[in-house]
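1. Need a 3D model of the sequence below.
(chains A and B)
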Amino acid sequence: EAAVTQSPRSKVAVTGGKVTLSCHQTNNHDYMYWYRQDTGHGLRLIHYSYVADSTEKGDIPDGYKASRPSQENFSLILELASLSQTAVYFCASRTGVSNERLFFGHGTKLSVL
Amino acid sequence: GQQVQQSPASLVLQEGENAELQCNFSSTATRLQWFYQHPGGRLVSLFYNPSGTKHTGRLTSTTVTNERRGSLHISSSQTTDSGTYFCAIDRGNTRKLIFGLGTTLQVQP
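-> So this is what the prediction gives:
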């Protein structure tokens, strides 16, 4: 089973503070994703990346930055955290060829106070 | 508008009954996948099924691409099947994977 590791598993942040969520995959996958999940909204795509040093905007990128310094690592950065960014964040990875199943990390529960 | 529509939004079954979950998507969508979310939050891949029919255990995924629809059939449901099921598709020819809002399944003993 493909492995995607997120850290931290949970975090409490203050409004206006900087938050960095980290994701590491050992699957040799090209594509990595960041989603947020809120009740009633399913999973919404924030940013994704298909190669190191390049990121793409998803459907809700405002207020978030992403960084892919290597194939294995993909970070989500909230420069100025806001109350509305309280959510569960999931990282995921997939290959771009043949069986393209998406594999998720365990999620990070972020509370902004 | 919502490019991936799932139905029903929720479903309650008695153990042993079958379930049919539907996923309809726009004409520019490709590469359908199904996921299960445990009540505790963990997301698990069930199927990558861009077209045709696939089986694993009591689960069957069918995708009819030219009709822009997919389905997930659960046979002989068990209480451990309770949770939320999501379908997702790639938008157009990208790998921008977009999710539906899910179907919440409750299987009662």
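2. Helices of chain B, start to end?
-> Assignment of helices within chain B using DSSP state H yields no ranges at all.
3. mind listing the strands for it?
-> Using DSSP state E, the strands of chain B run over residues B:4-7, B:10-14, B:19-25, B:29-37, B:43-48, B:52-56, B:59-64, B:69-74, B:83-91, B:97-99, B:103-108.
4. now do chain A
-> Across chain A, reading from the start of the chain, the strands by DSSP E fall at A:4-7, A:10-13, A:19-25, A:31-38, A:42-51, A:54-57, A:65-67, A:73-78, A:87-94, A:103-104, A:108-112.
5. which parts of chain B sit against chain A?
-> B:31, B:33, B:35, B:41-45, B:48, B:86, B:88, B:95-102 (CB under 8 Å from any CB of the partner chain). Any C-beta I mention is one placed from the backbone N, CA and C, and that applies to glycine too.
6. Low-confidence bits of chain B, can you list those?
-> Low-confidence segments of chain B, defined by pLDDT under 70, are located at B:1-2.
7. go with 80
-> B:1-2, B:27-29, B:92-93 (pLDDT under 80).
8. same check, this time on chain A
-> Scanning chain A with the threshold set as pLDDT under 80 gives A:1-2, A:39-41, A:97-99.
9. Would you mind naming what in it lies close to chain B?
-> A:31, A:33, A:35, A:40-45, A:48, A:50, A:56, A:58-59, A:88, A:90, A:92, A:94, A:96, A:99-104, A:106-107.
10. Now, of these, which are buried?
-> Among the residues of chain A next to chain B, those that count as buried by neighbour count (16 or more other CB atoms under 10 Å in any protein chain shown) are A:31, A:33, A:35, A:42-45, A:48, A:50, A:56, A:58, A:88, A:90, A:92, A:94, A:100-104, A:106-107.
11. quick one on the thing from earlier: ok, which of the strands of chain B comes nearest A:Lys18?
-> strand B:43-48 (26.8 Å; CB to CB).
12. May I see the buried residues of the closest one?
-> B:43, B:45-48.
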